[in-house]
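Undergrad: Okay, predicted coordinates and the sequence, questions at the end:
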Amino acid sequence: MNNIELKYFPYTLELSENLLTSKAAINNRKGFIIKLNSGGKTGYGESAPFREFGSESFEEDEKALGNFKFNLKLAVNNFIESLDESLKEISSLPALRHGFEQALLNLFCSKTNISLNEILNVSSQKEICVNAVIGFLTPDESARKTLSLVKEGFTTIKIKAGRNKFNDDLECIKSISNAAGAETKLRIDVNGKWKAAEAINNLKQLENLNIEYVEQPVNKLIEFKKVSFASKIPLAVDESIRTYEDAISFIESSAVKALVIKPMMLGGIITTLKIIEAAEKKNIKVIISSSFESSLGKSLAIFAASTVKEKTAHGLDTSRFLKKDLYPDPYPVVKGKISLK
């Protein structure tokens, strides 16, 4: 593919309500739509940097796009390897790499009439379960929200935790647990707020609840090892994985039972699929998560989730947080599931 023309367009997506986490109050998402033209064919991709959660900044992408020069050496008979190699120079900008990788894959599919599954040599499930998310609400608000989500058909709920006082977290988690019932799985996401000692103490107070895992209770691998040894509740890692090498370190450590993978934060689908393969060999659960990007970028996360062999709930119900998406969502969540049929 030669003579590729690049165009890009900045955007801002407003959230319908602030999503409060221990790291930040999120009220909008900014990014870029990347458009590539070649020989009358077009490929689109999305870069949605999220500095608070480990990627580059919007300003860094804006500067890189303004100075970008194509130096692609793409081989049709070895497309994935050559694509991966060609994008190495922007590996320090994972969201931007995601955008270019997605656009180039879409362009290649368009020019060759070959499906993404064929190009990447993977098969897809036709239906994906997703988890709902509850941010920092009061116990009463949390209970009402839970009842509404269960009524919608969600069987897994992710609860944002990491308030200044753990007892405030605990009251909300108990309220959600009581409202959800025994058949609903609960995931607790701390966003790395706790230190190892307080994580161990806090997790002990959660042992009698129906907790599937606690995500990112601490930040460093050595802390994960210490906490996992002392806790009966399985641990999951998210923000501490921002490269393939990070993922392999956690997979080989036996400190976690689950990886929460955001393709936007890891540079795209190629790295994501490598991590999925490595984790599944060790029987480690993989959850694919959106980064609150538009439906364009999320479509690649949905594709990644469809390749995960174990049937688990993925973190892809993010469109409900947007006041208005850039495009109609081709994969709406219906009764807690996404259909790819």
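TA: Good, I have the coordinates.

Undergrad: low pLDDT regions in the stretch 1-150 of the chain?
TA: Low-confidence segments of the stretch 1-150 of the chain (pLDDT under 70): 1-2, 19-24.

Undergrad: Break down the stretch 151-300 of the chain into its strands, ranges please.
TA: 156-160, 185-189, 211-215, 235-237, 258-261, 285-288 (DSSP state E, counting those that start in this stretch).

Undergrad: Rebuild these as JSON lines, extending it with mean pLDDT.
TA: Output for the strands of the stretch 151-300 of the chain, formatted as JSON lines (pLDDT from 0 to 100):
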{"stretch": "strand 156-160", "mean pLDDT": "96"}
{"stretch": "strand 185-189", "mean pLDDT": "97"}
{"stretch": "strand 211-215", "mean pLDDT": "98"}
{"stretch": "strand 235-237", "mean pLDDT": "98"}
{"stretch": "strand 258-261", "mean pLDDT": "98"}
{"stretch": "strand 285-288", "mean pLDDT": "98"}
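
Undergrad: out of these, nearest to S57?
TA: S57 sits nearest to strand 258-261 of all these, at 21.4 Å, using CB to CB. Every residue, glycine included, has its C-beta placed from N, CA and C.

Undergrad: Could I get the buried residue list for the closest one?
TA: A258, L259, V260, I261 (16 or more other CB atoms under 10 Å).

Undergrad: Could you dump these into a markdown table and include distance to I80?
TA: Listed next are the buried residues of strand 258-261 as a markdown table, based on distance: CB to CB, whole Å:
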| residue | distance to I80 |
| --- | --- |
| A258 | 26 |
| L259 | 22 |
| V260 | 24 |
| I261 | 18 |
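
Undergrad: between these, which is closest to K285?
TA: Taking CB to CB as the measure, K285 lies nearest A258 of the buried residues of strand 258-261, at 4.0 Å.

Undergrad: Output the longest helix belonging to this structure.
TA: helix 94-112 (DSSP state H).

Undergrad: Using PDB, list the CA coordinates for it.
TA: Extracted C-alpha coordinates of helix 94-112, given in PDB (Å, rounded to 0.1, in the frame of the first residue of the first chain):
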ATOM      1  CA  PRO A  94       0.000   3.900  22.400                       C
ATOM      2  CA  ALA A  95      -3.400   5.600  21.700                       C
ATOM      3  CA  LEU A  96      -1.900   7.100  18.500                       C
ATOM      4  CA  ARG A  97      -0.500   3.700  17.500                       C
ATOM      5  CA  HIS A  98      -3.900   2.200  18.100                       C
ATOM      6  CA  GLY A  99      -5.400   4.800  15.700                       C
ATOM      7  CA  PHE A 100      -3.000   4.200  12.900                       C
ATOM      8  CA  GLU A 101      -3.100   0.400  13.300                       C
ATOM      9  CA  GLN A 102      -6.900   0.300  13.200                       C
ATOM     10  CA  ALA A 103      -7.000   2.600  10.200                       C
ATOM     11  CA  LEU A 104      -4.400   0.600   8.300                       C
ATOM     12  CA  LEU A 105      -6.100  -2.700   9.100                       C
ATOM     13  CA  ASN A 106      -9.400  -1.300   7.900                       C
ATOM     14  CA  LEU A 107      -7.700   0.000   4.800                       C
ATOM     15  CA  PHE A 108      -6.100  -3.300   4.100                       C
ATOM     16  CA  CYS A 109      -9.400  -5.200   4.600                       C
ATOM     17  CA  SER A 110     -11.100  -2.800   2.200                       C
ATOM     18  CA  LYS A 111      -8.400  -3.100  -0.500                       C
ATOM     19  CA  THR A 112      -8.100  -6.900  -0.300                       C
END
